[in-house]
Structures are given as C-alpha cells and as structure tokens.
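In: Sequence and predicted model, in that order:
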Amino acid sequence: MRYAETGYNLEIDLSKGSIEKVETNPKDMEQYLGGNGINAKLLFERVPPGVDPWSPDNLLIFGNGLLNGTSVPGANRVSVDTIAPLNGLMGHSLMGGFFGAEMKMAGYDRIVLSGKAPDLVYIAIRNDKVEIRDASHLRGKGMYDTACTIRKELNDERAWVAAIGPAGENRVMMSSIDCGNSSAARTVGPVMGSKNVKAIAIRGTKDVNLAHPAELWELTSKLRKQLDANPNVGDWMAVDEDDSFHHNNFSWGNARTRLKNFWSASLEERWRNLKYDHMSRQSGCWNCPKACHNVIQWPGRRRFSYKCYGKDTYHMASFQELDFTYEILGIAQDLGLDSYSTPQTVAFALELLDAGILTEKDFPGMPSDIRGRFYYLIHKIAFREDIGDVLAHGISGAAAIIGKGAEKYDHNTVKKFEQLPIKLGKLNPAYYLMIATGEDMAITQIEGSFPQDPIADPELREEFIRNWTACPDDKFKEWFRQWEKRDQLPDDAMCAISDWNECMHYLDDSLGFCGFVSSFRGQFGGTTGYDVWNMPKVVTHATGVEFDKDRIWECFMRNRTLVRALNSRAGLRRYMERPPEDHWAVRNEEYEQQLLTKYYDFKGWTFDGIPTKETLEKLNLDYVAEDLIKRGVLTGDEVTALNDARARKEKE
Amino acid sequence: MDDKLLKKRIIKNIKVDTKKCAGCRACEMACSAFHAVPKYSSVNSGRSRIMVLIDEVRDMFVPIRAGEYTEAECNGRNTYIIDGKEYNECTFCPASCPSRDAFRDPDSGLPLKCDMCEDDPPVEKPMCVEACTFGALTYEEREVWEEVESAKHGEMEIGLKAMIKKHGLKKVMDTVARVSKS
Ligand code: SF4
Ligand code: SF4
Ligand code: SF4
C-alpha cells in the first residue's frame, strides 16, 4: 500500500481523448517527495527542449504536494507546472484551497494534461470515472458561472472546479486558473487555454492512507493547535489593518512612484471601516487553522475574495484607494486575470500613452477617468481586442512588439516575468542573489526564512536566537549575532541564507505546505509552523519512510538542481540572471557578478549557472547529467564556478 | 405507577455557528480519520459524517452532521430562502437518503450517521469539534430526566442480551432494523 500519496497519476491526452490511470514508482517519492519535484522530473523527461510551449507537446501538470489531503494541517498546495510560453522556462504556480485534497481523495497524486482538445472541453473526475466533456456552451464564461454550470451538470454541489476565464481561453499571459478562493497564475492559465481545456471538476471519496496513524494524529493535532495559536503564521494582511508597509514602501503605477508618507491613522481607520462594512467573513484552505481570504460583498458586484498583496495591486497601479480594488477585483478575477501582473501591465500601457509611444488611436473609446481606463483595459486584454491583443503578451512581450522605445518602460521584469514593484536604495546582497537566480520568478517564492533585518538591541537579539526553533544550523545564529547593517554579512553567509530561504520554499512546494504556515513566515519572529526539523517527522509518520533533516534537505537540493537543469537545457544562462536594473538605486556590477559566481559555486553550478555533472550525480540525477551531455549543454568536464578561469579573472 | 422511574439522560448537542465557519473542512478530515479502521489510518471526506457546504459567492458555509437514514425520498420538500437567497430543497438535509449520495459509505453504500464519536473510553469532545479551531462547532451536554418503565426495560434488556450472545450484535441490529421498517 502507498501512504500519503495514492501512487497514481491521471494521464489525459487531449488530442487522442485518452484517459489513463498510471501507477507511479514509489522510489520517486523518496527522491523528490511530490509537487514541483516530481512535476519537474516529468517535464524533464517528457518535454524536450525545442518544444513550443504552445504546442500540444507541452504538458500542464497539477501536482499534489505529498501531504495534501492528509491530517497534516496547512498542507494543500498543488504545484501547477508547465513550460512557460512567456520565456520557455519552467512555469511554476501554486494553488491552495481544496483542489489538491479532492484530487488525492479521487485517487490521484497528479493530473497530467498533454495534447490539445479539438474543441473546448472540460474534464469531470469522480474517483475512477473520468470524462472529457464538451464545453462549447461555457466559452467566454467567467469563473463563477463556469463553476456553477458544471456543478449543476454533474449534479454535485461538492465538486471543486478549477477553471480558466475568457482571459485563459484567449491565452492571455496574465491569465490564471481559479478554483474557489484559490488561484494559479504565472502562465499556467494560457497553457490550459492552449489545450482547449476550460475546466477540471473533481470530487473524490477514496481513502488517503497514512502509515503511522497514532503517531501522526498526535503530532498533527498538536501542530494544528500551534498553528492556530501562533500569530507569526497565516497572512498578517488578513488581520492587521496597518498596511503602511506596502503603501509607503512599494512603488505605485507601473512600479514607478514611491509615496513614502501615504499611510496615516485616519486612512487606516477609513479603510478598516471599508473592509469590515463589506466583509462577509474570512475563509480558508483545506485543513488549515488560519483563514486568510477576505470575502467581500461590494454593492452591485458578486462576492469575491482576496488574499495578501492582492488587496493592493489594483489601486496602487492606478493611484486610487482601496475602494477601487474592491470594485474591480471581483470582475478581474472572474475574467480570469491574475491580480499580480495585470494591474502592472495596464499601468505600463497607460505610461506608454503618456509618453506618446502609444496614442489615443490605440485606445478607441477609452474613458478619460483612470478607473474607467482600468475597466476598459482589463476587458480589452481578456478578450484580446485592439491594444489588448498586444498587452496580452505581458509587459516584456508587449514592449517587444510595440518597439519605439517601449522596451525602456519594461523596467520591472526578470526573465520576462513581472516582479513586485519594489524600488530601493542600497543593494541587499542576499536579495540580489534571490531575485537574480530564483526560478519561481517571484521574490515572494524564495525569501522568507532568514529575518529581513538585524535586531539592534543585544538582549532582544539573544532572545530571538534562543527561540529560533526554525534555524537549521548554528552558523545562521552566529551570522545573526554579528549582523548590524542589512547589507553587511560575509558573502558565504549571503549564499547560505539565500539557499536556506530557497530550501523552505522547495520543501513546501513538494510537500504541499502553504508558505504562510512555513517558508514565508520564518522571517518574522523565527517561529514559523514548519521547519526542517518537524517536516521530516511529519513526512516519516505520513509515509512510513524514515526521513530526517539531512535527507529532506537533500530532497530540496535534488529538486532545486533538477529545476535548474531543466531550465539550463531550455537556454537559461548567467546573463539572464539580473534583478531589474532600477531595483536598487546604487548598484555595483563588479561585486554583484563576483557574488553570483560564489553562489553558483555554493550550489555546485558552473560559471554559467549550470549544475555540473558531479553535482547532478551526487544527487542521483545521473539521467539528467547524461541528457545534458548528450545535448551539448555540458561537456561533463566543467568545474564549479569559482574554479573557472573566468572567476579567477574576475578576482583580479 | 410503581414500575415508572425517573432516569437521567445526557443529551449531546453540537451547536453550529455558521457565521464562524471558515470552510476549512478540518471537521470532515477529523471525523473520517477517527472512524477509520484502524483509527486515524486514513482520511476521506467521503466517509465523514459531517459535511461542509461551501459557496463563497452566496456566503454559505454550513457544516451538516449526518442524521437518520431514510428509506424513501421525502414526499414534500422544503426550499429555504435565507437572506433573500433560495437554497435547494435538499441542501441542508442531514438524512442519508436514496435521492443522493451524501452520507453514504462510498464503498458499501451503507448509510453513515453521526455517532457523536462514541468510543471506549469516551472522548472528551467529538472529533469535529476538537478539530474546529474557528469556534464554529461547540459541544454541549444537557441533562434531562425522563420517566422510564424500568421493569419492562429491564426485562427487555435481559432478553436482548441473551439474543446478542447467541446471534451477535450485528445480526440482532439488522433484524431490528428490518422489523422496524416492515
Ligand atoms: S495559511 Fe491561509 S492561505 Fe495558507 S493554507 Fe492556511 S488559510 Fe490557506
Ligand atoms: S460528532 Fe463525531 S461522528 Fe459526529 S460528525 Fe462530529 S466527528 Fe463525526
Ligand atoms: S472545522 Fe469548523 S471552520 Fe472548519 S469547516 Fe468545519 S465547522 Fe467550518
């Protein structure tokens, strides 16, 4: 019997209309855990370089975290992965809520979509009964109507429906896949659209088996209470009304303008009332004691919910206030647009209009007020009309098409992905490394474990260190002790810190943990819900396979290295690893490059940022090494970055 | 009147505050794990005796505990209108009923019924209540005094015990269920 995982993938070839339940190798769990790890392996094995991401040969994988659907609280993330049409690299997104647990209970660890349906379809899954159904009547429908219609057709109020809106059908880069209050963005939406899949409805009533029932129950009951009581986990934005952090420090518009004194007590009061006057409740995800989604009922709108920074993006891109976000967000979500990249793209377009690179002619019939313009543009984008057809490529893609200097306005992307609108003064070396090399394409998907700032008071600092249960190694405590200025720590500390931050996200994504109970929440207070000490215990009792800190850390390294190898094979090279040029006002190219070399070396990668043969083999990724050598990505004789002649030259 | 006695009975009640429900389904998880054999060895919402109906757009978050099995669908049904919104006739029904698959064991099809987590030794709180960290479910015990016909019950008990000893509990229960239906 398989524990925690079901041992089956659901393989659907949409071109052939074939549906297959495929038993998987239990050894894969021991090596890659699940989620993004096994997804990356499938992409590596089955989508060779050169495959056009839009083509039927690309895969779209919904990969359950190993612990989803079990008694382990806060484990519900599905890694939705593909080769991203935006940049040809692995596109990775996470979906919380209930889709994962339901998929597990339907008997599957992951759903692998290949091929392309001849016409728009939806997939209905009820345990072993899987159907590909006509969805032509759902064309152009929003998320909510789609989910309602499908539930009615299946006569199942409890089916969870992950759907794309018109934006996804029209292959808009910024489109998302939504399921209830959860959403997966970052170019998985357009790939679902390119496969002609409108939705997947799922419901399961099978057992998810657990290896050590009594031990796991005792542990998870305790963890549930701890997560519930710990104010450091969950989304602070759901409970704290003081959001001066984003409004005073992040940039408004097209990631341009900082309003350092925007926040005030009276504004906070006003916004608090706005929220509580319109909030129906807060809702959560499968088996988690936190409830991070604010469910809002805005007059004249359908109820919708938001989480985290999604609260701010629309009104900050348009220089408005919270009421505008409440007004537009439900509509944008229903169109299937991601609230992270879409508002920036709209602000980018309006900036081009101001700059005269685009003209009024490009925006026929656009209202003159800013709110009207946002409504106008999100619809144009979702339905790909007029300039919306160009903007649907995302900022980088659109800038390249528009030309005429538009490229200069594409100033806040990394590897073509829109980034958080943060513009700061002094270079922060750890953040430099994380933004440059992160392959989840967003800083929030890599930062989070090591504190963002030192603690000046020596007593408080010692107290913090004493209570720092999540700390994986005493060396971090030593560095923290000597840390005074944000940007000043030895380079090897910067490398190790970035690595640990990354480790936590990779473990979350493969196990199914939400960053809010784990990887993202260590930086504030040091006592996050999950860490490299308790994760292996949970995994051991859930799966029956003995894990400890070292073994689970090795799984992180394997998954991380595999993702890097997949992307190296797709053409990712050192020169692409650059934070936005204006991310910090003061830069030091020479230092940055030397630091990057050290980080590559730390990771066992070459000077170009490719894992060496030796590194791959140490992690049992021999098949990857062989493939890279066969394709000429590696010769096999490479040394790690610091031993490269170019690094020695760098030093001189 | 001689054979009538007053007897204390504990009424177990779970108070549901739907306003506090976050829809996390930890109650479903816990109920199914508790009733798994061996205990806690699996999770399966489909086997849970509590199910949470979630509809965010209508702000409907309603945990429903499985009640009695009914052999036939209702002749007349209810449509609820709450806050001006209309709900399906069977939406809030706790019955395991032939018209639908709610509250049936997914493998055997047998009806599922909340047993208040009866256990030996008894649990402090039902598992769903214990798992609900949002305070949507609260456990209450109420004492009621009831008149009982002690002698007759006493006799019945002796008779039943003998039958159980002879045929086993399950057979006796099945027979009682069959007889009561006919
Ligand atoms: S912490 Fe919040 S977002 Fe994360 S799983 Fe729990 S409810 Fe969902
Ligand atoms: S009281 Fe026990 S049996 Fe009844 S629904 Fe709750 S957990 Fe299930
Ligand atoms: S555990 Fe509580 S909050 Fe969660 S779904 Fe059940 S009743 Fe609602």
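Out: Arrived safely, thanks for sending. Ligands and ions are numbered 1, 2, ... in the order given.
In: Could you give the bridge partners of the residue positioned nearest the centre of chain A?
Out: A centroid search over chain A (CA atoms, centre = their mean) returns A:Ser93, at 4.1 Å, as the residue closest to the centre. Using DSSP bridges, the beta-bridge partners of A:Ser93 come out as A:Val80.
In: Contacts only, for it.
Out: Contacts for A:Ser93 (CB atoms under 8 Å, 6 or more residues apart in numbering or on different chains) come out as A:Ser79, A:Val80, A:Asp81, A:Ser176, A:Ile177, A:Ala184, A:Ala185, A:Arg186, A:Thr187, A:Val188. The way it works is simple: take the backbone N, C-alpha and C, and place the C-beta from them, glycine included.
In: can you check B:Ala30 too?
Out: A:Ser71, B:Met127, B:Cys128, B:Glu130, B:Ala131.
In: Just give the closest residue to it, not the sequence neighbours.
Out: The shortest distance from B:Ala30 to any residue other than its chain neighbours is 3.7 Å, reached at B:Ala131 (CB to CB, 6 or more residues apart in numbering or on different chains).
In: So which elements touch the lengthiest helix in chain B?
Out: Counting by DSSP state H, the longest helix found in chain B is helix B:150-167. Taking 3 or more CB pairs under 8 Å, 6 or more residues apart in numbering or on different chains; DSSP states H and E as contact, the helices and strands that helix B:150-167 lies on are strand B:4-16, helix B:169-181.
In: 10 Å instead, please
Out: Packing partners of helix B:150-167 (3 or more CB pairs under 10 Å, 6 or more residues apart in numbering or on different chains; DSSP states H and E): strand B:4-16, strand B:137-149, helix B:169-181.
In: can you list these in JSON lines and add mean neighbour count and distance to A:Trp252?
Out: JSON lines is the format used below for the helices and strands packed on helix B:150-167 (neighbours: other CB atoms under 10 Å in any protein chain shown; distance: least, CB to CB, whole Å):
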{"stretch": "strand B:4-16", "mean neighbour count": "12", "distance to A:Trp252": "44"}
{"stretch": "strand B:137-149", "mean neighbour count": "12", "distance to A:Trp252": "44"}
{"stretch": "helix B:169-181", "mean neighbour count": "11", "distance to A:Trp252": "68"}
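In: who wins for proximity to ligand 1 among these?
Out: Taking CB to the nearest ligand atom as the measure, the helices and strands packed on helix B:150-167 were each checked against ligand 1, and strand B:137-149 came out nearest at 17.8 Å.
In: can you tell if that closest one touches chain A?
Out: No: using CB under 10 Å from any CB of the partner chain as the criterion, no contacts between strand B:137-149 and chain A are found, and the smallest distance is 13.3 Å.
In: and that strand, does that touch ligand 2?
Out: No: using CB under 6 Å from any ligand atom, no contact is recorded between strand B:137-149 and ligand 2, whose separation bottoms out at 7.7 Å.
In: Pull up the pairing partners for that strand, direction included.
Out: Sheet pairing for strand B:137-149, assigned by DSSP bridges, gives strand B:4-16 (antiparallel).
In: Count the neighbours of the closest residue to ligand 2 within the stretch 51-200 of chain A for me.
Out: When scored by CB to the nearest ligand atom, the stretch 51-200 of chain A has A:Ser71 as its residue closest to ligand 2, at 13.1 Å. For A:Ser71, the number of neighbouring residues by other CB atoms under 10 Å in any protein chain shown comes to 29.
In: List the contacts of it.
Out: For A:Ser71, the contacting residues are A:208, A:210, A:213, A:216-217, A:219-221, A:223-224, A:287, A:538, A:541-542, B:26, B:29-30, B:32-33, B:40, B:42-43, B:131, taking CB atoms under 10 Å, 6 or more residues apart in numbering or on different chains as the criterion.
In: Let me see the contact set for A:Glu546.
Out: Taking CB under 10 Å, 6+ apart as the definition, contacts of A:Glu546 comprise A:Glu30, A:Pro536, A:Val539, A:Thr540.
In: Now, those that are in helices?
Out: Judged by DSSP H, helices contain the following of the contacts of A:Glu546: A:Glu30, A:Pro536, A:Val539, A:Thr540.
In: so where is chain B shaky, pLDDT-wise?
Out: Low-confidence segments of chain B, defined by pLDDT under 70, span residues B:1-3, B:149-154, B:181-182.
In: Need the residue closest to the centroid of it.
Out: Nearest to the mean C-alpha position of chain B, counting by CA atoms, centre = their mean, stands B:Cys114 at 2.3 Å.
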